[in-house]
Each structure stands twice: as structure tokens, then as C-alpha cells.
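Enquirer: Below are the sequence and a predicted model; questions follow.
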Amino acid sequence: MDADITPELLQTIDILEGLEALLDQSPRDDIAAILGEAWLKVSATLPADLQAATQEDAGAEGLRRYLRVKAFFNNPMENPIRSDELEAYYHNRIPIDEQTAEFLFPEEEP
């Protein structure tokens, strides 16, 4: 495992995944908005490279995929990945749609 990948970081990604699951189950828009805000605040605590990865492949799954690819490139012999994982990583770096972008990266008010 890469030295930058700490148990705290993995736990934070687990929390984001839990928030995503709750968002999917949200019975009302106001509850979804609260959960979305929590997701944004938690993701803002991630290191800069992971925040950038979130912009390219938003969500816990994308963050985990990024960590696997990062570990592979740091030490391919100890951290091999399958070709389909690498393909999925590059495939998911395509731009996200405008509505998702507005939710994930709200413009900060002055």
C-alpha cells in the first residue's frame, strides 16, 4: 500500500461512500441537499490530489480507483492492476455533465 494511503484517508472515503448511498435513498430534496452539503464538506478535507481526482471521477468509487492507479504508477511491481481498471480510470476522466459539475463544484460566493 502506498505511504500516502492512510487508514484515516480510507475511512474518509468510506464516509463519502455512505453519504452517496444515503443520497440515493433520500426521500426528499431538502434531505438530499443536506447530504450533498455534507459530502462536499467531507470531500474538502481530502488531500489536493484526491480533490482533483474527485473533479475528474467524482465519488468514492472514483477515489478508490485513483488510489489504485496512483499506487500502481508509484510501484507497479508491488501494486499491479488489471488493464480494465486502468481503462476505467482513463475513461472516467472525461468531463462530467453541467448539472453534476454545478453540484460538485459550486461557485463560491464573494
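Expert: Alright, I've got the coordinates. Values in this document were obtained by computation on a predicted structure and should not be read as measured data.
Enquirer: I'd assumed Val42 was in contact with Gln51.
Expert: No: taking contacts as CB atoms under 8 Å, Gln51 lies outside contact range of Val42: 11.2 Å. C-betas here are computed from N, CA, C, even on glycine.
Enquirer: Can you report phi and psi for the closest residue to Ala44 other than its chain neighbours?
Expert: Computed as CB to CB, 6 or more residues apart in numbering, the closest residue to Ala44 that is not its neighbour in sequence is Gln51, at 7.2 Å. Note on Gln51: backbone dihedrals following degrees, to the nearest 10 are phi -60, psi -40.
Enquirer: distance of Gln51 from Leu40?
Expert: Between Gln51 and Leu40 the distance is 11 Å, computed by CB to CB, to the nearest Å.
Enquirer: Could you measure from Ile13 over to Ala33?
Expert: From Ile13 over to Ala33 (counting by CB to CB), the distance is 22 Å.
Enquirer: Looking only at neighbour counts, state which of the two leads.
Expert: Neighbours per residue (other CB atoms under 10 Å) separate Ile13 from Ala33, with Ile13 holding more: 23 against 13.
Enquirer: what about that one, which helix or strand?
Expert: Applying DSSP states H and E as the criterion places Ile13 in helix 7-25.
Enquirer: after that helix, next one along is what?
Expert: Next element after helix 7-25 (DSSP H and E): helix 29-43.
Enquirer: Please consider this matter closed, and thank you.
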